[in-house]
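Visitor: Can you look at this prediction? I've put the sequence above it.
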Amino acid sequence: MTDGPASSTEGQTLRIATRDSPLALWQANHVAGLLREAHPGLRVELVEVKTTGDRNRVDPLPTMARALEDGTPGGGANGVGLFTKEVQRAVLDGRADVAVHSLKDLPTGPVPGLTLAAVPKRASRWDALVLPDGAGAGSLDDLPEGATVGTGSPRRRAQLLRLRPDLSFAEARGNVETRLAKLDAGDFHALILAEAGLDRLGLSGRISKRLDTEILPAVGQGALGIECRADDPAVDLLAPLNHLIARAEADAERACLHRLGAGCHAPVGVRGRGENPNAIELTAALLSLDGETCLQANATGPDARAVGVAVAESLLERGGSALL
Ligand SMILES: NCc1[nH]cc(CCC(=O)O)c1CC(=O)O
C-alpha cells in the first residue's frame, strides 16, 4: 500500500449474486478475483441464490409452468432463463449489485433495469466427449453401434446425428458432477459437456476428445456475462473486466439468436471470431432435430450486432423458420 489519496473504491463493497452450484460459485469467485485485481481496496462478497432451475433439476415440468406463470424478467417458456432470472431478481431487488451468469444460459432479450456490463475473456467454447471413468481417450467413431449419449441439448443431438445417425440419446440433467456420476454408473456410453465447465471444476482430465470440428458451440458458450443495474455506478467498476473481442463475439452470437427468435435450447450452433472487435466473423448453423437438414450462413463486418442479424436473416430467408 502506498500513502496518497485512498482510491474511490477503498472500503466500498460489491455483492455478487450467483447460483450455488459448484460451477456457478467458481465463476462468481473468478469474477470476484478479477474485480479485486482491478480495484485494490474493493470488498467483494457473494450472495447465493437458489434458482427455479436448481430446485427442479429432476422434474422440469412444474418449473416451466412456474416460469410461465410469473412475469418476472428473463423467465419464459421452454425453460429459458430458469437459471438466470432469480439471480437477476436479486440485483433488481437490491439484495446484490452484480449478477454473474454463464453467458450461454442468459436469455438474449433485454431485461428492463439491468445492463450486460462486461463479458470477460472467453474460456474454451467447445464441447467435449466424456467417457466412463477409466475408459481413457476415445472419439465418436469408437462408440459402439447404437450407443446412448447423455445430452438433452437439441443442438448437440442434431449435430451428433449428422456424424452418427445410429446414436440414441438420454437426458442428462443436473449439474456437471451429477451428470458425470450418471455416466460412471452406466446410464449412458458417453456424455457431452462444455469443456469450459470441466476445466473450471478441475475435471479436464475427464475429457476424452474435444469436439472442435464435430459440434458448433452454443451462443456464448465458454463466456461469462456480468450484469448490474443500468443506473448503478457499478457499471464503471465492471468496465475493466470487459474483453473487447469476447464481447464482440458475444454481441454477434446473441444478436443472431435473438433475430432467429430462438433460445438456448434451439438447434443452433455458432462460431463468432475476431482478431479485433471491429472485424467479427460469424458462422451459424440451424439444424432440424434429426440432423438431416443443416442450414449454414456466414457474415463478416465491423458491427458485431449487424453481423449477427445478417446471419440470422440469411438463415430465415433460406427456410430456417420451419426449423425453429
Ligand atoms: N447448460 C448448463 C451449462 N451452462 C454453462 C455450462 C458450462 C460453461 C459454459 O458453457 O460456458 C453448462 C454445462 C454444460 O453445458 O456442460
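Guide: Great, that's in hand.

Visitor: As a check, name the ranges of all helices in this protein.
Guide: Assigned by DSSP state H, the helices in the chain fall at 22-38, 52-55, 60-69, 85-92, 154-163, 176-184, 195-200, 234-238, 244-260, 304-317.

Visitor: of all these, which lies closest to the ligand?
Guide: Nearest of the helices of the chain to the ligand, taken as Cβ to the nearest ligand atom: helix 195-200 at 3.2 Å. Backbone N, C-alpha and C define where each C-beta goes, glycine included.

Visitor: low pLDDT regions in this protein?
Guide: Screening the chain residue by residue with the criterion pLDDT under 70, one finds the ranges 1-7, 53, 55-80.

Visitor: near the ligand, which residues of the stretch 201-324 of the chain?
Guide: Within reach of the ligand by Cβ under 6 Å from any ligand atom, the stretch 201-324 of the chain has these residues: Gln221, Gly222.

Visitor: ranges for the strands of the stretch 201-324 of the chain?
Guide: All strands of the stretch 201-324 of the chain, identified by DSSP state E, counting those that start in this stretch, fall at 207-210, 224-229, 268-274, 280-287, 294-301.

Visitor: Any chance of those in CSV with mean neighbour count as columns?
Guide: What follows is the strands of the stretch 201-324 of the chain, written out as CSV (neighbours: other Cβ atoms under 10 Å):
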stretch, mean neighbour count
strand 207-210, 18
strand 224-229, 24
strand 268-274, 23
strand 280-287, 24
strand 294-301, 17
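
Visitor: any chance of the ones you listed in CSV, plus distance to Val87?
Guide: Compiled in CSV, the strands of the stretch 201-324 of the chain are given as follows (distance: least, Cβ to Cβ, whole Å):
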stretch, distance to Val87
strand 207-210, 28
strand 224-229, 9
strand 268-274, 24
strand 280-287, 27
strand 294-301, 32
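
Visitor: quick one, which of those strands is nearest to Val44?
Guide: The closest of those to Val44 is strand 224-229. By Cβ to Cβ, the value is 12.1 Å.

Visitor: between the closest one and helix 244-260, how many degrees?
Guide: In terms of direction (axes from the mean of the first three to the mean of the last three Cα atoms, to 10 degrees), strand 224-229 departs from helix 244-260 by 80 degrees.

Visitor: Count the neighbours of Asn276 for me.
Guide: 10 (other Cβ atoms under 10 Å).

Visitor: my guess is it meets Thr300, correct?
Guide: No - Asn276 is beyond contact range of Thr300, at 11.9 Å (criterion: Cβ atoms under 8 Å).

Visitor: Tell me how far the residue nearest the centre of the chain lies from the ligand.
Guide: Nearest to the geometric centre of the chain sits Lys104, at 1.7 Å (Cα atoms, centre = their mean). Distance, Lys104 to the ligand, using Cβ to the nearest ligand atom, to the nearest Å: 5 Å.

Visitor: Surely that residue is in contact with Ala250?
Guide: No - in this structure Lys104 lies outside contact range of Ala250 using Cβ under 8 Å: 10.0 Å.

Visitor: give the contact list for the nearest residue to Arg305 once chain neighbours are set aside.
Guide: In this structure, Arg305 finds its nearest non-sequential neighbour in Ala255, 4.1 Å apart by Cβ to Cβ, 6 or more residues apart in numbering. Taking Cβ atoms under 8 Å, 6 or more residues apart in numbering as the criterion, Ala255 is in contact with Thr108, Ala304, Arg305, Ala306, Val307, Gly308, Val309, Ala312.

Visitor: Skipping its backbone neighbours, what lies nearest the first one in space?
Guide: Pointing back at Thr108 there. His258 (4.0 Å).

Visitor: For burial, what's the neighbour tally of the one you found?
Guide: Here the count is done by other Cβ under 10 Å, and His258 has 19 residues near it.

Visitor: All further residue positions should be reported with the first residue as 14.
Guide: Okay, residue one is now 14; in that scheme the one you just asked about reads as His271.

Visitor: Contact partners for Ala323?
Guide: For Ala323, the contact set (Cβ under 8 Å, 6+ apart) comprises Ala312, Gly314.

Visitor: quick one: it and Glu190, what's the gap?
Guide: Remark: distance between Ala323 and Glu190 (Cβ to Cβ, to the nearest Å) = 40 Å.

Visitor: Also Ala298?
Guide: In this view, Ala298 and Glu190 are 30 Å apart by Cβ to Cβ.

Visitor: what does Glu61 give?
Guide: According to Cβ to Cβ, Glu61 stands 17 Å off from Glu190.

Visitor: Comparing those two, which residue is more hemmed in?
Guide: Between Glu61 and Glu190, Glu61 has the larger neighbour count (other Cβ under 10 Å), namely 16 against 13.

Visitor: quick one on the thing from earlier: contacting residues for the residue nearest to Thr121?
Guide: Counted by Cβ under 8 Å, 6+ apart, His271 has contacts Thr121, Gly122, Gly321, Ala325.

Visitor: That's all I had, so thanks and see you.
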